[in-house]
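Participant: The following comprises the amino acid sequence and a computationally predicted model.
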Amino acid sequence: MSTTRAFQLFQLFRFVAAILIGISLVKAGFNGTAVGHYEAFLFLFSVTTFFWSLGLKNACLSFFPSLQKEHRSSFFFNIALMLSGLAAITAFSVYGLGNWIPNQFGFESFSWTHYLAFFIFFHGPSLLSEIILLLQDRANEIMIYGAVIYSLQFLAVLLIVLSGGGLDHIFKFFLAWGFLRFIYLWILVLRFSKTKISWGENWKFLIFALPLMLNVLMGNGMEFVDGWIIGNHFNESDFAIFKYGAKELPFVTILIGALVSVSIPRLMQNGADESKVIKSECTKLMNWLYPVSIALMLLSPMIFPWVYSPDYTLSARIFNVYLLIIISRVILAQIYLLAGHRNYQLLVITTFELILNLGLSLWWVDLFGILGVAYATVVAYFVQKILLVVTAHRLESIKLKAYLDLPLYLKYNLALVIAFTLSFLY
């Protein structure tokens, strides 16, 4: 099995576990407030960790292949120390601030901050595990690790809810689960890295990683600004409705995201020849992601009330808006800018996207309600991709048609927009 396929499966396991857990909570009789608190827990974990964890992840993927062999020997040990340090600082801050952070997002009745802090400390650094396996080309281990860890997560939560347990039991299990991932991370670090602190290399890496961390903060930050807008305009039950609908087709983010992660180091090693591989892989994904997206676009108004409950009908409308993000997602210009270390340009573009998204969200939430926030995300993300395409063409001399089958892309998007329009007729 290729590393690309293994990493895609890993991300798929993660998303399927999240979906099944959400369905289990609703089917087990958890009310809207309880489900909202569960989603708030995951949301607050992401909002406090995403920019430094994902930023360092992207930095590792593009920095590690450029290192000399002697500097690679202790690389993972030093990155694990950085991530653990950042997780500790974040956890202590969250614990010390108490309910201040949840209150900023409208979660006044949230009472799980102490669990959240410990979960951040253990689980925050753990994404480095799959990055180590990816950079070491351990495809089978990536797949097995993902299957085991996310099956355990889902089955344990299912057992808890079937035995009558509540959120307190679920969050206690999450702490144990995060601790297991933390231990496995350090097992991998000791296996693939020397325990030597390299101050000079660490400083170079941090300087390199800082723009990428800010880029992630700007680019992904709107998800959390959306949460703030929803939390302050609507109640906790509405927040759960929004979060259950505000998801792209899972396979899109999983498979495209995995392709991007794998392609960055390969592009640095193989040069322009890798564009043919990127285009071929992207075309394969489009040939089944678009048909599935179109089918779900038409079926979601019936699926959501059945899978969850009739209270989540609006989630289907929100979900259909988010399905449109595939129009932007399959444009992979960011690979070339990341491989070319164009970190400053990425930061500028994603900052503009954040400002545009925020402005449109605040405007459209008054015009269209919850759906307005979803519309703003789709439009702003598409504008960002256009800017990335133009920048990659100008700085890396790579044309859009080199990595995207344009005729096929336009045909699928026409069909998708038609399906979106039809979905609002019933």
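Facilitator: Great, that's in hand. The structure presented is a predicted model; accordingly, all values stated were derived computationally and were not measured.
Participant: which ones are touching the nearest residue to residue 35 once chain neighbours are set aside?
Facilitator: Nearest residue to residue 35 in three dimensions, chain neighbours excluded: residue 240, at 4.6 Å (Cβ to Cβ, 6 or more residues apart in numbering). Glycine gets a C-beta too; all of them are placed from N, C-alpha and C. With contacts defined as Cβ atoms under 8 Å, 6 or more residues apart in numbering, the neighbours of residue 240 are 32, 35-36, 39.
Participant: Among the residues you listed, which are located in strands?
Facilitator: Among the contacts of residue 240, DSSP state E puts none in strands.
Participant: Tell me how this protein divides into domains.
Facilitator: Listed by automatic domain parsing, the domain ranges of the chain are 1-229, 246-426.
Participant: I'd like the ones you listed laid out as TSV, including mean pLDDT and mean neighbour count.
Facilitator: Below are the domains of the chain laid out as TSV (pLDDT from 0 to 100; neighbours: other Cβ atoms under 10 Å):
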stretch	mean pLDDT	mean neighbour count
domain 1-229	88	18
domain 246-426	89	18
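Participant: show me where the stretch 101-250 of the chain has helices.
Facilitator: Applying DSSP state H, counting those that start in this stretch to the stretch 101-250 of the chain gives helices spanning 113-123, 128-135, 139-162, 167-192, 199-233, 236-245, 250-270.
Participant: ok, now how distant is the residue minimising distance to the centre of the chain from residue 381?
Facilitator: Geometric centre of the chain, nearest residue: residue 253, 7.4 Å, by Cα atoms, centre = their mean. Distance, residue 253 to residue 381, using Cβ to Cβ, to the nearest Å: 12 Å.
Participant: name the element the residue of the chain positioned farthest from its centre belongs to?
Facilitator: Ranked by distance from the centre of the chain (Cα atoms, centre = their mean), the top residue is residue 70, with 32.4 Å. Assigned by DSSP states H and E, residue 70 belongs to helix 69-72.
Participant: next structured bit after that helix?
Facilitator: Next helix or strand after helix 69-72 toward the C-terminus (DSSP H and E): helix 75-97.
Participant: which other residues reach that next one?
Facilitator: Against helix 75-97 from outside (Cβ under 8 Å, 6+ apart): 44, 48-49, 52-53, 56, 60, 64, 67, 101, 113-114, 116-118, 120-122, 124-125, 128, 132, 185-186, 188-189, 192-198, 201-202, 205-206.
Participant: again, 6 Å this time
Facilitator: Contact with helix 75-97 is made by 48, 52, 116-117, 120-121, 124-125, 128, 132, 189, 192-193, 195, 198, 202, as judged by Cβ atoms under 6 Å, 6 or more residues apart in numbering.
Participant: among these, which two are most distant?
Facilitator: The distance between the two most remote of the contacts of helix 75-97 (Cβ to Cβ) is 32.6 Å, for 116 and 198.
Participant: From residue 281, how far off is the residue lying closest to residue 402 once chain neighbours are set aside?
Facilitator: Leaving out its chain neighbours, the residue that sits closest to residue 402 by Cβ to Cβ, 6+ apart is residue 275, at 4.8 Å. Separation of residue 275 from residue 281 (Cβ to Cβ) stands at 11 Å.
Participant: What of residue 302?
Facilitator: 33 Å.
Participant: One more: residue 251?
Facilitator: 14 Å.
Participant: Dump the C-alpha coordinates for stretch 312-330 into PDB.
Facilitator: The C-alpha trace of stretch 312-330 is given here as PDB (Å, rounded to 0.1, in the frame of the first residue of the first chain):
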ATOM      1  CA  TYR A 312     -31.600  18.500  12.600                       C
ATOM      2  CA  THR A 313     -33.400  19.300   9.300                       C
ATOM      3  CA  LEU A 314     -31.600  22.600   9.000                       C
ATOM      4  CA  SER A 315     -28.300  20.800   9.400                       C
ATOM      5  CA  ALA A 316     -28.900  19.300   6.000                       C
ATOM      6  CA  ARG A 317     -29.300  22.700   4.400                       C
ATOM      7  CA  ILE A 318     -26.100  23.900   6.000                       C
ATOM      8  CA  PHE A 319     -24.300  20.600   4.900                       C
ATOM      9  CA  ASN A 320     -25.400  21.200   1.300                       C
ATOM     10  CA  VAL A 321     -23.800  24.700   1.300                       C
ATOM     11  CA  TYR A 322     -20.600  23.200   2.700                       C
ATOM     12  CA  LEU A 323     -20.600  20.500   0.000                       C
ATOM     13  CA  LEU A 324     -19.900  23.400  -2.500                       C
ATOM     14  CA  ILE A 325     -16.400  23.800  -1.000                       C
ATOM     15  CA  ILE A 326     -15.300  20.900  -3.100                       C
ATOM     16  CA  ILE A 327     -15.200  23.500  -6.000                       C
ATOM     17  CA  SER A 328     -12.200  25.100  -4.200                       C
ATOM     18  CA  ARG A 329     -10.800  22.100  -2.400                       C
ATOM     19  CA  VAL A 330      -9.600  20.200  -5.600                       C
END
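Participant: Give me the distance from it to the chain's centre.
Facilitator: Relative to the chain's own centre, stretch 312-330 is displaced by 15 Å; criterion: Cα atoms, centre = their mean, to the nearest Å.
Participant: just stretch 384-391 next, same as before
Facilitator: Centre-to-centre, stretch 384-391 and its host chain are 20 Å apart (Cα atoms, centre = their mean).
Participant: Quick one: residues in contact with that stretch.
Facilitator: Residues outside stretch 384-391 that contact it (Cβ under 6 Å, 6+ apart): 328, 331, 333-334, 345, 349, 353, 400.
Participant: now stretch 354-365
Facilitator: Applying Cβ under 6 Å, 6+ apart, the contact partners of stretch 354-365 are 218, 221-222, 225, 229, 233, 372-373, 375-376, 380.
Participant: ok, now stretch 124-141?
Facilitator: 1, 3, 6-7, 10, 49, 53, 57, 60, 64, 76, 80, 83-84, 87, 142, 181-182, 184-185, 188, 192.
Participant: Many thanks, have a good one.
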